[in-house]
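Model the structure of this input:
(one chain, ligands or ions: 1)
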Amino acid sequence: MYTTVLFDADETLLDFRRSEHSALTETFRQNGLRDDEEFLRSYCEINDSLWERFNKGEIAKSEITDLRFTLLFEKYGIPLDGKDFNQKYLKNLSEYGYVLDGAKELCQKLYESGLKLYIITNGIGFVQKKRFAASGLAPFFDGVFISEEVGAAKPSKAYFDYVYANIDEKDKSKIIVVGDSLTADIKGGREYGFVTCWYNAKKLPDEGKAHFAANNFYDLERIVTNGKDRATQ
Ligand SMILES: [Mg+2]
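Residues are numbered from 1 along each chain as shown. Take a look at the predicted model:
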């Protein structure tokens, strides 16, 4: 039924939280800073609140990366340049391609069943490229579309236009988008005319925004290979 799967990367196949934790700890240590849970939690709170402000349209994306360490260092009176530190952190982050449990087996099975797999991810080119290369998933994929390189991000039409123009399948009903974000992946993919499957590992309330929903890779594999709809799941 489907020929093509467009997979989101972070928190769908790649374990971003684990990668982030390792990269933060490493970068803090390399710079003689503390790396305890309280310090890491402070960073996450600052980063999350900046992302929230970005999602509300209050700040630009560049302000998130410019400010997250600057605000952390201000809070703790650390005399380091936050913008410069962010670059060091991203360099370390790019080395960590942890995958979620079962992701590699899933991708291998889908690949062996003849499906074409692509990555659709919002992020920084060199970071996502290196993380994906380190993940061990690359042999199963035909392409990786990173927002920074595309020049547009999910859920914009411009992003999906680029992806659609650069994949072989042209029948949109044979293309399924799989991702954990109801906005970037599901809204974006659905509005573009692709079939969508929400990867809801956290078992959040399902408001039926996607054509399909899966709580685990077993269900996800079934949906992608059988195309069963909600009624027959
Ligand atoms: Mg994601």
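
give me every residue that touches residue 16.
Shown in contact with residue 16 (C-beta atoms under 8 Å, 6 or more residues apart in numbering): residue 10. The way it works is simple: take the backbone N, C-alpha and C, and place the C-beta from them, glycine included.

Show me which residues of the chain are close to the ion?
For the chain, the residues in contact with the ion (C-beta under 5 Å from the ion) are 8, 10-11, 180.

which of the residues in stretch 75-87 are buried?
Within stretch 75-87, the residues that count as buried by 16 or more other C-beta atoms under 10 Å are 78, 82, 85-86.

Walking through this protein, point out its strands one by one.
For the chain, the strands defined by DSSP state E occupy 4-7, 116-121, 143-146, 175-179, 195-199, 212-214.

can I get these in TSV with distance to residue 97?
Output for those, formatted as TSV (distance: least, C-beta to C-beta, whole Å):
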stretch	distance to residue 97
strand 4-7	14
strand 116-121	12
strand 143-146	12
strand 175-179	18
strand 195-199	18
strand 212-214	23
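
Dump the C-alpha coordinates for the longest helix seen in the chain into CSV.
Determined from DSSP state H, the single longest helix within the chain is helix 37-55. Coordinates of each C-alpha in helix 37-55 appear next as CSV, following Å, rounded to 0.1, in the frame of the first residue of the first chain:
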residue,chain,number,x,y,z
GLU,A,37,21.2,17.2,38.0
GLU,A,38,20.1,20.6,39.4
PHE,A,39,22.4,22.4,36.9
LEU,A,40,21.1,20.3,34.0
ARG,A,41,17.5,20.8,35.1
SER,A,42,18.0,24.6,35.2
TYR,A,43,19.3,24.5,31.7
CYS,A,44,16.4,22.4,30.5
GLU,A,45,13.9,24.8,32.2
ILE,A,46,15.5,27.8,30.5
ASN,A,47,15.7,26.0,27.1
ASP,A,48,12.1,24.8,27.3
SER,A,49,10.8,28.3,28.2
LEU,A,50,12.7,29.8,25.3
TRP,A,51,11.2,27.2,23.0
GLU,A,52,7.7,28.0,24.3
ARG,A,53,8.3,31.7,23.6
PHE,A,54,9.5,30.8,20.1
ASN,A,55,6.4,28.6,19.5
